[in-house]
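Q: sequence below, structure please.
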Amino acid sequence: MLRDDDDDHHVKLFLKARAAVTQGDVLSLTVVATPNSSCTDPRTPAPLTISWNVTIATAASWVKQGADDDSAAGSFSPLTLAASSSRTATGLAFHRNSDACSRIDVALSGDTSHVELRRYAGATEANSQVLSDITMDDDAAQSGSNQHVRLFFKSGAAPAGGSVLDVTIVATPNAACTDARTPAPLTVGWALTVASTSPWVNQGSDVAASNGPYSALTLATAAQRTDTGLAFHRSALGCRQIDVALSGDTGQVELLRYQGSSAATPTALSNITMHSAANPASSNHHVKLFLRARAAVSQGAVLDLTIVATPNSSCTDPRTPAPLTVSWNVTIAIAAAWVKESRDDDSASGSFSPLTLAAATDRTD
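A: Numbering: from 1, shown residues only. Sure thing, here's the model as predicted:
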């Protein structure tokens with residue numbers, strides 16, 4: 001070991017590959033340098049002992065920044081998601097760093113077919129949607145540099161009702177982070193619940209079969225509406241406010257809104273509370289089908305009608321079901337023919353004498 005010697009060598013200390021050290025350790029090492037036995041110069045010194053310390057850093061903690069949110073915005077309606085022409089925010093966002101590294105790479109895995117990550121600067125999508133080298137720092141010198149990622153359902157996503165989508169975001173310090181305290185990658189699990197739509201349930205006054213058949217002759221002369229017996233009174237756990245519409249052979253029929261056995265107020269066929277447990281009870285309405293006064297229907301006709309029940313726009317519960325279509329038939333009877341019985345005789349017994357009839361003291365057959 002001689003600086004001016006062509007064979008000037010020295011030794012260096014290395015940590016082994018995959019060294020199993022503990023954060024915060026201080027490795028205390030001693031190097032003893034002893035003159036080789038070939039050194040015979042009387043000035044040869046005694047062995048030299050040097051102490052070395054190798055400090056293992058303690059990794060900095062991952063710290064949530066202001067936009068981080070690991071709680072989803074409730075459960076989601078599969079019908080609303082499927083009908084959406086744009087992304088749907090889940091409410092989930094990742095915005096974390098450590099004081100050793102603010103430049104973060106992110107990756108999403110798990111049930112990702114219906115979701116995607118988007119890069120945001122504040123409340124606005126970032127110009128770059130690359131999910132690497134994202135500066136996540138509330139104290140960034142330039143506020144536009146402080147960015148994060150948000151999770152969205154894709155446009156038209158169609159996850160199954162009742163499913164839970166488990167996704168995982170892995171945040172890795174970017175390769176540019178060289179601080180010894182740079183932490184290991186962080187894995188965060190997120191769960192997204194897709195609601196099961198609730199079924200349509202009879203609320204007590206629903207009737208699917210008419211009272212018919214009906215006489216065309218009687219209907220033609222009836223001065224009042226004729227109750228068909230058909231009624232719609234259904235709702236779902238996720239929605240009690242129902243809009244109804246009638247289509248088909250509607251020329252001689254009409255829907256009326258009812259409260260119990262009486263016509264209801266208001267009369268509109270939208271935003272109808274259909275719920276047998278409604279409070280107050282007077283708000284529990286349904287609709288009934290009537291044949292119009294003096295309905296002009298043909299003998300033997302079958303009126304094919306369709307009622308479509310749609311949850312009102314006020315229904316925001318994710319369990320709200322899809323519209324329900326119900327088919328109704330109203331049958332008009334064919335009047336029975338007149339039939340001759342055994343004593344029927346439409347032939348007279350000849351011509352009759354006016355003189356004889358005038359003189360007769362009894363009826364003449």
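
Q: which residue packs closest to residue 90, ignoring adjacent ones?
A: Excluding the flanking residues, the one nearest residue 90 by Cβ to Cβ, 6 or more residues apart in numbering is residue 151, at 4.7 Å. In short, each C-beta sits where N, CA and C put it, glycine included.

Q: run me through the strand neighbours of the helix or strand containing the one you found, direction for each.
A: Using DSSP states H and E, residue 151 sits within strand 147-153. Looking at strand 147-153 with DSSP bridges, its partner strands are strand 88-94 (antiparallel), strand 115-121 (antiparallel).

Q: now do the first one: distance to the chain's middle.
A: Computed by Cα atoms, centre = their mean, to the nearest Å, the chain-centroid distance of strand 88-94 equals 14 Å.

Q: so for the following helix or strand past that strand, what's the average pLDDT?
A: Remark: after strand 88-94, the chain's next helix or strand is strand 96-97, criterion DSSP H and E. On average, the pLDDT along strand 96-97 is 98.

Q: immediately after strand 96-97, which helix or strand?
A: The helix or strand immediately downstream of strand 96-97 is strand 103-110, counting by DSSP H and E.

Q: for that next one, list every residue counted as buried.
A: Residues of strand 103-110 classed as buried by neighbour count (16 or more other Cβ atoms under 10 Å): 103, 104, 105, 106, 108.

Q: go on, stretch 74-84?
A: Residues 75, 76, 77, 78, 79, 81 are the ones in stretch 74-84 that count as buried (16+ other Cβ under 10 Å).

Q: please apply the same query to stretch 241-252.
A: Neighbour counts using 16+ other Cβ under 10 Å place 241, 242, 243, 244, 246, 249, 252 of stretch 241-252 among the buried residues.

Q: list the contacts of the strand holding residue 151.
A: With Cβ atoms under 8 Å, 6 or more residues apart in numbering as the test, strand 147-153 has contacts from 65, 67-68, 76, 81, 84, 87-90, 92-95, 106, 108, 114-121, 126, 131, 134-136, 159, 167, 169, 190, 192.

Q: any of these buried? List them.
A: Among these, those buried by neighbour count (16+ other Cβ under 10 Å) are 65, 67-68, 76, 81, 87-88, 90, 92-95, 106, 108, 114-121, 126, 131, 134-136, 159, 167, 169, 190, 192.

Q: so the strand holding residue 151 versus strand 103-110, what angle?
A: Counting by axes from the mean of the first three to the mean of the last three Cα atoms, to 10 degrees, strand 147-153 lies at 10 degrees to strand 103-110.

Q: output the next helix or strand after strand 147-153 as PDB, nothing but the C-alphas.
A: Downstream of strand 147-153, the first helix or strand assigned by DSSP H and E is strand 164-173. The C-alpha coordinates for strand 164-173 follow below in PDB (Å, rounded to 0.1, in the frame of the first residue of the first chain):
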ATOM      1  CA  VAL A 164     -67.400  -6.700  -4.300                       C
ATOM      2  CA  LEU A 165     -64.500  -5.600  -6.400                       C
ATOM      3  CA  ASP A 166     -61.200  -6.000  -4.600                       C
ATOM      4  CA  VAL A 167     -58.400  -3.800  -6.000                       C
ATOM      5  CA  THR A 168     -54.900  -3.200  -4.800                       C
ATOM      6  CA  ILE A 169     -52.800  -0.100  -5.400                       C
ATOM      7  CA  VAL A 170     -49.000  -0.500  -5.000                       C
ATOM      8  CA  ALA A 171     -47.000   2.700  -4.500                       C
ATOM      9  CA  THR A 172     -43.300   2.500  -5.200                       C
ATOM     10  CA  PRO A 173     -40.700   5.200  -4.600                       C
END
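
Q: residues in contact with residue 235?
A: With contact taken as Cβ under 8 Å, 6+ apart, residue 235 is in contact with 200, 201, 203, 241, 242, 274, 275.

Q: if we use 6 Å, what do you get?
A: 203, 242, 274, 275 (Cβ atoms under 6 Å, 6 or more residues apart in numbering).

Q: repeat for residue 327
A: Residue 327 sits next to residue 306 when contact means Cβ under 6 Å, 6+ apart.

Q: so in terms of bridging, what pairs with it?
A: Applying DSSP bridges, one finds that residue 327 bridges with residue 306.

Q: likewise residue 28?
A: Judged by DSSP bridges, the bridge partners of residue 28 are residue 53.

Q: separation between residue 304 and residue 250?
A: 10 Å (Cβ to Cβ, to the nearest Å).

Q: same deal with residue 210?
A: For residue 210, the distance to residue 250 equals 15 Å [Cβ to Cβ].

Q: check the closest residue to residue 44 other than its chain neighbours and give its pLDDT.
A: Nearest residue to residue 44 in three dimensions, chain neighbours excluded: residue 35, at 4.9 Å (Cβ to Cβ, 6+ apart). Residue 35 carries a pLDDT value of 91.

Q: so which strand or helix has residue 35?
A: Assessed by DSSP H and E, residue 35 sits outside every helix and strand.

Q: list of residues touching the helix or strand hosting residue 355?
A: According to DSSP H and E, residue 355 maps onto helix 354-359. Residues outside helix 354-359 that contact it (Cβ under 6 Å, 6+ apart): residue 364.

Q: and the average pLDDT for it is what?
A: Average pLDDT, helix 354-359: 84.

Q: isn't residue 106 up against residue 170?
A: No. Applying Cβ atoms under 6 Å, one finds residue 106 not in contact with residue 170, separated by 7.0 Å.

Q: which ones are touching the nearest residue to residue 150 once chain neighbours are set aside?
A: Closest residue to residue 150 apart from its sequence neighbours, by Cβ to Cβ, 6+ apart: residue 93 at 4.6 Å. Neighbouring residues of residue 93 by Cβ under 6 Å, 6+ apart: 67, 68, 69, 148, 150.
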